[in-house]
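Novice: sequence? don't have it. structure:
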DNA sequence: CTGTAATCCTGCGAGC
DNA sequence: TGCTCGCAGGATTACA
């Protein structure tokens, strides 16, 4: 499940391969994504130059420049959903199943969006600035610079449990099920605790744990549980270092108590009943 | 303001 | 061995 570390890895892989490249053609499958690629976007994007590849939360942003350049800031916005893969390969690489959009580049490389479960999306906007402003308004800060007083306010004034708070993209952008569970474990906090039950010290421990877990996962190129691969097709490595996620019944790495699994905020939530209070 | 659940979808693994 | 079925969950929407 691509969360911030996985998306960041894709962006870092794609950036050197895409920036300063021109899009020479586009293909899309007839199979409909949840938010389908619109065929009318093809003629807009043809010949455009890729000027930057960025990330915000779990969103991938590809900045484009038309010829002639305009003030419109055309933008390609991609979300990997559950099983999305966004990779650059040589154009003659055989097409696997479930490739929904493919962009050919002038250097013979091909940018492919593949997504077996079709939860993902690839969208084009002629006026990217407005879209990005709206997106930013709906997203909380990145995990690396969560203001302590902001986090304190959002968490300690809420009756929602920690799991729900961490999954809420308007509070922090980029955390999903895996890293929410891992952050709670690292902070030694039970994911079912209501936000308002946290002491200031605990709240800060959680904020720190989120940052640390996300950073370490980025360092290991994310977690490949099943489908995730980076922008150059490589698997992640952080799945080998997960303490609780997907480890139901296995011993806690700290105290050996079997890891428990419960549904919280509609998601399976893994935690150590002994370490996490 | 909350929480819960349905929706989209395919592949996999548990269980029989 | 082969089949069915439940589950995995990011974001959005609906509804209690």
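Specialist: Great, that's in hand. Computed from a predicted structure; not experimentally measured. Numbers count the residues shown, from 1 in each chain, chains lettered A, B, ... in the order given.
Novice: Pull the contacting residues for the closest residue in space to residue A:241 that isn't next to it in sequence.
Specialist: Distance criterion C-beta to C-beta, 6 or more residues apart in numbering; nearest residue to residue A:241, sequence neighbours excluded, is residue A:220 at 6.6 Å. Bear in mind the C-beta positions are built from the backbone N, C-alpha and C, glycine included. Contact partners of residue A:220, counting by C-beta atoms under 8 Å, 6 or more residues apart in numbering, are A:5, A:236-238, A:240-241.
Novice: do residue A:183 as well
Specialist: A:166, A:175, A:206, A:209-210, A:213-214.
Novice: Just list what the lowest-mean-pLDDT helix or strand in chain A packs against, helices and strands only.
Specialist: The helix or strand of chain A with the poorest confidence is strand A:260-264; it has a mean of 89 (mean pLDDT, DSSP states H and E). Applying 3 or more C-beta pairs under 8 Å, 6 or more residues apart in numbering; DSSP states H and E, we find strand A:260-264 packed against strand A:267-271.
Novice: ok, 10 Å please
Specialist: Packing partners of strand A:260-264 (3 or more C-beta pairs under 10 Å, 6 or more residues apart in numbering; DSSP states H and E): helix A:162-167, helix A:177-186, strand A:267-271.
Novice: Might you calculate how far that strand sits from the centre of the chain?
Specialist: In terms of C-alpha atoms, centre = their mean, to the nearest Å, the gap separating the centre of strand A:260-264 from the centre of its chain is 22 Å.
Novice: What are the contacting residues of it?
Specialist: If you take C-beta atoms under 10 Å, 6 or more residues apart in numbering as the criterion, strand A:260-264 is touched by A:161-164, A:167, A:177, A:180-181, A:184, A:190-192, A:244-249, A:252, A:268-274, A:276.
Novice: What is the burial count for whichever residue of the stretch 151-277 of chain A sits closest to DNA strand B?
Specialist: Across the stretch 151-277 of chain A, the shortest distance to DNA strand B (C-beta to the nearest atom of the strand) belongs to residue A:160, at 3.1 Å. Here the number of neighbours of residue A:160 (other C-beta atoms under 10 Å) works out to 17.
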